[in-house]
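Novice: Please work out how this folds:
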Amino acid sequence: MTLKQYRIVKLIFVIAIAIVFSQLIFSKNYIIPIAILMAASLILILLRRKVKEIIADERDYLIGGKAALWAIQIYSWLAVIAMFVFYGLRDINPAYEPIGMTLAFSTCLLMFVYGATFRYFDKFKFSNKKTIYTVIIIIIVIILAIASLRLFSGEDNWVCQNGQWIEHGHPDFLAPTIECK
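Specialist: The predicted structure is shown next:
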């Protein structure tokens, strides 16, 4: 496969995934898009290995690494600042507290994933075993993500039903002040 053919296939995959995602999310189906994204990613990885031309050189990887490090640092600083602002405004509207906590936990997760992948690439140089370890790490991350969604979901919250705020569990804060529609 040539580099041009690979880029065309990749573009077709992106367009098809965007169409499928929009339709499935519009119909409130969230599990199938995740499975489709994982399958498409694996297919693209396999197709990339069949490309005979040079896709990127050492300079591209060096620039990509620096850009990724800067992006992670900038996001982390902005997320922490926004987290403190939202957490500080929780007295005005209790809905700001979960936003702040989400930013805090997402930043911690991002830093953990960055540290783990850095250690991974530092320890395991480019080898044939890398694919096996990558698949194992992806499976572990997916299991942890599903477990954290289940464990940290908003069980104690306010739910809008028939124009009124109804307690779901035992929330630690008053009902939202915004109108329930």
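Novice: if I've got this straight, residue 158 is in a strand?
Specialist: Yes: under the criterion used here (DSSP: H, G, I helix; E, B strand; the rest coil), residue 158 sits inside a strand.
Novice: tell me the contacts of it?
Specialist: Applying CB atoms under 8 Å, 6 or more residues apart in numbering, we find residue 158 in contact with 165, 166, 167, 168, 171, 175, 176. C-beta here means a position set from N, CA and C on the backbone, and glycine is covered the same way.
Novice: so it bridges to which residues?
Specialist: Counting by DSSP bridges, residue 158 forms beta bridges with residue 167.
Novice: now residue 32, nearest residue through space, not along the chain?
Specialist: residue 24 (5.4 Å; CB to CB, 6 or more residues apart in numbering).
Novice: any idea how far the one you found is from residue 104?
Specialist: Remark: distance between residue 24 and residue 104 (CB to CB, to the nearest Å) = 30 Å.
Novice: was I right about residue 79 contacting residue 106?
Specialist: Yes: between residue 79 and residue 106 a contact is recorded at 6.7 Å, counting by CB atoms under 8 Å.
Novice: helices or strands next to the helix or strand bottoming out on mean pLDDT in the chain in the packing?
Specialist: In the chain, no helix or strand scores lower on mean pLDDT, DSSP states H and E than helix 129-151, which sits at a mean of 76. If you count contacts as 3 or more CB pairs under 8 Å, 6 or more residues apart in numbering; DSSP states H and E, helix 129-151 packs onto helix 96-123.
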